[in-house]
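**Student:** Give me a model of this one.
(one chain, ligands or ions: 1)
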Amino acid sequence: MRTNPNIIITGTPGVGKTSHAEAVAEATGLKHIQINKFAEENGCYDGRDEELGSWIVDEDKLLDALEKEVPEGGYILDWHACDLFPKSWIDLVVVIRCDSDILYDRLAARKYNKKKLEENMDAEIMQVLLEEARGAYDEQQIVEIQSNKLEDLDENVGRMEAWVRLWKKDKQFGH
Ligand SMILES: Nc1ncnc2c1ncn2[C@@H]1O[C@H](COP(=O)(O)OP(=O)(O)OP(=O)(O)O)[C@@H](O)[C@H]1O
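**Tutor:** Numbers count the residues shown, from 1 in each chain. Just a heads-up that it's a prediction; the model follows:
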């Protein structure tokens, strides 16, 4: 039985996952795992997609490495995919969304190549991550939030902090 929850923060690249995860970790004491970094540090990569200019994560190796700690609770998993994490590990899935014109500017500022930019824009417009979350987790575990402006970030972090507080209180009283 976990005494701290595990939260996935997911969404298309650039929507604001890491900005949210860092702030929620700071506010709640949960540990933030940026999966890209974790995969790199733990040798969970399996080659590189040169066309997209990104590394390919070996999901089996990644889950093996995470399994040593994450099931105990207290983690925020920050990644642009979510359905690989076992349902039994996860208490809340936060899908961050962003308006496409705003996302376009954020991704263009990163100097993504045309293919990568278009793929990510399509993914956001087609709400790929929201559908992926719905396919893997229960509807009541999933929250969809907007991250267009800084006020959204503050409000979202406040909501997530309140959710963590309630979750822990519920556990304390044995619900
Ligand atoms: N609500 C927001 N208001 C204004 N700017 C934001 C907001 N959320 C994120 N940003 C900005 O958008 C950029 C991308 O944010 P961030 O790195 O958190 O996204 P990400 O989803 O973690 O991206 P990636 O998947 O590539 O790691 C950053 O420059 C960040 O400051």
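**Student:** Next up, phi/psi of the closest residue to the ligand within the chain, please.
**Tutor:** Of the residues in the chain, the one nearest the ligand is Gly16, at a distance of 2.8 Å by Cβ to the nearest ligand atom. All C-beta atoms are positioned from the backbone trio N, CA, C, and that covers glycine. The phi/psi pair for Gly16 (degrees, to the nearest 10) reads phi 120, psi 20.
**Student:** List the contacts of it.
**Tutor:** The contact partners of Gly16, taken as Cβ atoms under 8 Å, 6 or more residues apart in numbering, are Ile96, Cys98, Ser147, Leu153.
**Student:** so how far is stretch 35-42 from its chain's centroid?
**Tutor:** Centroid displacement of stretch 35-42 relative to its chain, using Cα atoms, centre = their mean, to the nearest Å, is 14 Å.
**Student:** check whether that stretch contacts the ligand.
**Tutor:** No. Using Cβ under 6 Å from any ligand atom, stretch 35-42 stays clear of the ligand, with a minimum separation of 6.8 Å.
**Student:** Pull the residues that contact that stretch.
**Tutor:** If you take Cβ under 8 Å, 6+ apart as the criterion, stretch 35-42 is touched by Cys44, Tyr45, Trp55, Val57, Asp58, Lys61, Leu62, Ala65, Leu66, Leu77, Asp78, Trp79.
**Student:** Counting neighbours, which bits of that stretch end up buried?
**Tutor:** Ile35, Asn36, Phe38, Ala39 (16 or more other Cβ atoms under 10 Å).
**Student:** near the ligand, which residues of this protein?
**Tutor:** Near the ligand, when you scan the chain using Cβ under 6 Å from any ligand atom, you find 11, 13-19, 80, 106, 147-150, 152-153.
**Student:** which ones among those residues are found in helices?
**Tutor:** Among those, the members found in helices (DSSP state H) are Lys17, Thr18, Ser19, Arg106, Leu150, Asp152, Leu153.
**Student:** what's the closest of those to Val70?
**Tutor:** Distance to Val70, by Cβ to Cβ, is smallest for Lys17 among these, at 16.9 Å.
**Student:** Would you check how far apart that closest one and Gln146 are?
**Tutor:** 13 Å (Cβ to Cβ, to the nearest Å).
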